[in-house]
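>>> Here is a sequence together with a model predicted from it:
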Number of protein chains: 2
Amino acid sequence: MRRTRFDADPCPIARVADLFGYWWTPIILRDALFGVQRFEDFQKNLDVSRATLSSRLTRLVDEGLMERVAYQQHPVRHEYVLTEKGRAASDVLIAMWRYGEDHFWPERERPPLELAFRESRATVRATVVDETTGRPLDPGELRIQRRRS
Amino acid sequence: MRRTRFDADPCPIARVADLFGYWWTPIILRDALFGVQRFEDFQKNLDVSRATLSSRLTRLVDEGLMERVAYQQHPVRHEYVLTEKGRAASDVLIAMWRYGEDHFWPERERPPLELAFRESRATVRATVVDETTGRPLDPGELRIQRRRS
């Protein structure tokens, strides 16, 4: 399938969409953020073909979100360890969680899984705010402008 | 290209990924959030084929993110108006903006575009926090658990 590449687009959303638009990539990142590192463990959790998983992990390494590290020599086995760039994807994934939870189930139904604090087990409800003021961001109050250099 | 569908997955991230994984969909939503409504305007802004644009807009209507409203009768012309579910996608897109801006440009470079407040023109730096405490969310402190019904 031919597709338009957005990885040189001037819009930050387009560049992230270019990576996240590969099927499985957000799901693999979710598992990685929650501690999965080994090829076999991703495959067991996700029920994805080896070829697809391998291709997605390679792209994540190429894009600098993961590092491929040997953890065993005979035979060689690798772990996929998140870099800082990979860990930083968590904000996007958490925002996706909240949006999916609120809007992608039929009314009066809730997803069977929830995001919670590890210690208290309390449900997490995430929201996106302006870092400086802590205020929620309403696109009606925002604009896209040329950066002053 | 055959693909796995995630639109019945128990994980909220997977369901959102299923929709956002269609090329162009996040970019079309971005423009819609900033006021674009007409087919011709999307096409002019995005330089996308009519067939692809039409298919993405139809999916967004089918998924309940947009409503198709006639604004002219002879000939019939439609606008695509965001629903509440469509507007709620803004948190995900804003989180993508921040992530892309911080991590998808070469070091010492910044994207040519920035997100800003409409009134003050001040740059927006978005972050994802827990709604109750206002604290940033670190995946290391989180877990995925079965929802108590």
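Thanks, I have it.

>>> can you list the weak-confidence ranges in chain A?
In the predicted model, chain A carries pLDDT under 70 at residues A:1-4, A:149.

>>> Got the domain ranges for it?
Following automatic domain parsing, chain A resolves into domains at A:12-83, A:89-138.

>>> Please dump these into JSON lines; it should also carry mean neighbour count for every row.
In short, each C-beta sits where N, CA and C put it, glycine included. JSON lines is the format used below for these (neighbours: other CB atoms under 10 Å in any protein chain shown):
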{"stretch": "domain A:12-83", "mean neighbour count": "17"}
{"stretch": "domain A:89-138", "mean neighbour count": "18"}
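
>>> Looking at the ones you listed, spot the one closest to B:Glu119.
The closest of the domains of chain A to B:Glu119 is domain A:89-138. By CB to CB, the value is 12.0 Å.

>>> Show me the one of the domains of chain A that comes nearest B:Pro106.
domain A:12-83 (11.0 Å).

>>> Could you work out the end-to-end span of that closest one for me?
The straight-line separation of the ends of domain A:12-83 (CA to CA, to the nearest Å) is 19 Å.

>>> Just to be sure, A:Gln145 is in a strand?
Yes - under DSSP: H, G, I helix; E, B strand; the rest coil, A:Gln145 falls within a strand.

>>> The closest residue to it other than its chain neighbours pairs with what?
Closest residue to A:Gln145 apart from its sequence neighbours, by CB to CB, 6 or more residues apart in numbering or on different chains: B:Ala116 at 4.9 Å. B:Ala116 has these beta-bridge partners by DSSP bridges: A:Arg143, B:Thr123.

>>> Mind listing residues that contact the helix or strand hosting A:Gln72?
With secondary structure defined by DSSP states H and E, A:Gln72 is part of strand A:66-73. By CB atoms under 8 Å, 6 or more residues apart in numbering or on different chains, the residues outside strand A:66-73 that reach it are A:32, A:38, A:57, A:60-61, A:76-83, A:86.

>>> Can you lay out the domains of chain A as JSON lines showing distance to B:Asp130?
Formatted as JSON lines, these follow (distance: least, CB to CB, whole Å):
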{"stretch": "domain A:12-83", "distance to B:Asp130": "16"}
{"stretch": "domain A:89-138", "distance to B:Asp130": "6"}
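
>>> Indicate which one of these is closest to B:Arg125.
Among the domains of chain A, domain A:89-138 sits nearest to B:Arg125 (CB to CB), with 4.3 Å.

>>> same for whichever strand or helix holds A:Leu57, what does it pack against?
Using DSSP H and E, A:Leu57 maps to helix A:50-62. Counting contacts by 3 or more CB pairs under 8 Å, 6 or more residues apart in numbering or on different chains; DSSP states H and E, helix A:50-62 packs against helix A:25-33, helix A:39-46, strand A:66-73, strand A:76-82.

>>> How about residues contacting that helix?
Helix A:50-62 is contacted by residues A:19, A:22-25, A:28-29, A:39, A:42-43, A:46, A:66-68, A:80, A:86 when judged by CB under 8 Å, 6+ apart.

>>> Identify the farthest-apart pair in these.
Greatest spatial distance in the contacts of helix A:50-62: A:Trp23 and A:Glu67, 22.8 Å, computed using CB to CB.

>>> how about A:Arg87, what does it touch?
Contacts of A:Arg87 (CB under 8 Å, 6+ apart): A:33, B:139.

>>> so how far is A:Val129 from it?
Per CB to CB, to the nearest Å, A:Arg87 is found 20 Å from A:Val129.

>>> now do A:Ala70
41 Å.

>>> residues touching A:Leu29, list them.
A:60, A:65, A:86, A:89, A:93.

>>> re the thing from before, so the residue nearest to A:Gln145 sits right up against B:Arg125, yeah?
No - B:Ala116 lies out of contact with B:Arg125 (CB atoms under 8 Å); the separation is 10.4 Å.

>>> picking up where we left off before, show me which of the contacts of helix A:50-62 is closest to chain B.
A:Trp23 (5.2 Å; CB to the nearest CB).

>>> Now the phi/psi pair for the residue of chain A most remote from its centre, please.
The outermost residue of chain A relative to its centre, with distances by CA atoms, centre = their mean, is A:His74 at 32.1 Å. Backbone torsions of A:His74, given as degrees, to the nearest 10, read phi -130, psi 100.
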